[in-house]
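> coords please:
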Amino acid sequence: MKVPENAIEADYIKRINQVFVHIERHLGDELCLEKLAQIAHFSPFHFHRIFKTIVGETLKDYISRQRLEGAAIELIHREEVNIGVLSQDFGFSSNAVFTRAFNRLFGKSPSAYRRQHYIDSKQGKAHSKQGKVVPDYQKYVRSINHLKHWIEMNANIEVKEMPQMEVAYITCMGVEGMEQSFERLIQWARPKGLLDSDNTKMATIYYDSFKTTEPSKVRMNACLVLEKPVEVSGEIGKTQIKAEKCIVGRFELAINEFEKAWTGMFLWMKEQGYSISESNPYEVYYNDYHEHPEKKFILDLCIPVN
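Below you'll find the model as predicted:
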């Protein structure tokens with residue numbers, strides 16, 4: 001998101017954050033410009049312009065992408081989901097409309113996308129002498145076994161009830177602005193004494209998945225876990241990570257190992273028979289990686305599950 005240059009722009013971000021929350025909770029409902037503008041306390045004309053300036057895409061494009069990427073996540077994690085029901089759940093007027101929109105974004109139909117995930121991505125592909133694509137089971141098994149071994153060596157995974165956490169946050173759109181978002185959050189928190197505790201923890205909440213969303217469009221919250229009540233304003237928001245059963249993996253990761261760690265966590269989840277809940281996955285950090293001798297993060301990766 002655009003970094004606010006003054007108090008007015010910071011207030012605009014606060015209002016857009018309220019719209020993000022409403023859209024996320026009502027993806028299957030009608031999301032008209034007038035209603036969302038009312039939530040943000042703008043006229044429809046100004047809201048449309050401000051949303052595009054701050055978020056980097058039009059409101060219509062953002063909502064459509066959120067619906068389609070949400071449906072894609074369901075196809076990835078729920079093999080049994082009915083595509084017709086899925087199109088209704090995400091607010092499309094018909095299965096045909098949903099399929100056309102899905103094909104425009106992902107380059108294939110929902111059914112083909114699901115087949116790719118459950119066949120090609122699991123089994124791998126190789127070419128036969130006739131030039132046909134056939135599953136390369138040995139390559140798949142080697143890849144999965146390597147990942148399982150890496151997870152066993154690098155993580156302590158358990159299923160447990162995670163506590164409720166109140167967090168102050170800054171919304172970030174895309175990975176490139178994440179470190180700067182944390183820096184601004186720390187600058188806000190330090191004079192308030194919110195970093196004085198030995199138990200101070202930072203966190204990241206993920207609202208999109210890197211499996212379905214371009215890295216530049218992934219929405220995340222850079223968070224500070226609060227130990228006492230605090231007033232927030234401008235681009236600083238406040239939200240809650242609810243108490244919930246989670247798969248929790250404790251890692252010590254270099255910055256280039258996050259993707260492998262998350263992939264391994266979701267593999268572990270599936271093999272243990274768990275399914276993701278409607279809550280968003282998140283990370284909780286226990287150190288400042290700049291101070292680690294190998295510049296590594298000590299953290300928990302948390303997947304809320306049913």
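> C-alpha from now on. contacts and neighbour counts both.
Noted.
> all helices in this protein, in order from the N-terminus.
Using DSSP state H, the helices of the chain run over residues 7-25, 33-40, 44-55, 59-77, 83-89, 95-106, 110-115, 121-123, 137-154, 178-189, 258-271.
> Lowest average pLDDT across those helices?
Across the helices of the chain, the stretch with the lowest average pLDDT is helix 121-123; it has a mean of 43.
> Tally up the residues packed near the closest residue to residue 93 other than its chain neighbours, please.
With C-alpha to C-alpha, 6 or more residues apart in numbering as the criterion, residue 93 has its nearest non-adjacent residue at 7.7 Å, and that residue is residue 87. Residues within reach of residue 87, counting by other C-alpha atoms under 10 Å, total 23.
> With residue 287 instead?
So residue 287, with other C-alpha under 10 Å, has 16 neighbours.
> Quick check: it touching residue 298?
Yes. Judged on C-alpha atoms under 8 Å, residue 287 makes contact with residue 298 at a distance of 5.9 Å.
> Let's have the helices of the chain in JSON lines, adding distance to residue 204.
Below are those laid out as JSON lines (distance: least, C-alpha to C-alpha, whole Å):
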{"stretch": "helix 7-25", "distance to residue 204": "16"}
{"stretch": "helix 33-40", "distance to residue 204": "24"}
{"stretch": "helix 44-55", "distance to residue 204": "19"}
{"stretch": "helix 59-77", "distance to residue 204": "19"}
{"stretch": "helix 83-89", "distance to residue 204": "27"}
{"stretch": "helix 95-106", "distance to residue 204": "27"}
{"stretch": "helix 110-115", "distance to residue 204": "28"}
{"stretch": "helix 121-123", "distance to residue 204": "27"}
{"stretch": "helix 137-154", "distance to residue 204": "20"}
{"stretch": "helix 178-189", "distance to residue 204": "9"}
{"stretch": "helix 258-271", "distance to residue 204": "13"}
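> so how far is residue 106 from the residue nearest to residue 93?
From residue 87 across to residue 106, the span is 15 Å (C-alpha to C-alpha, to the nearest Å).
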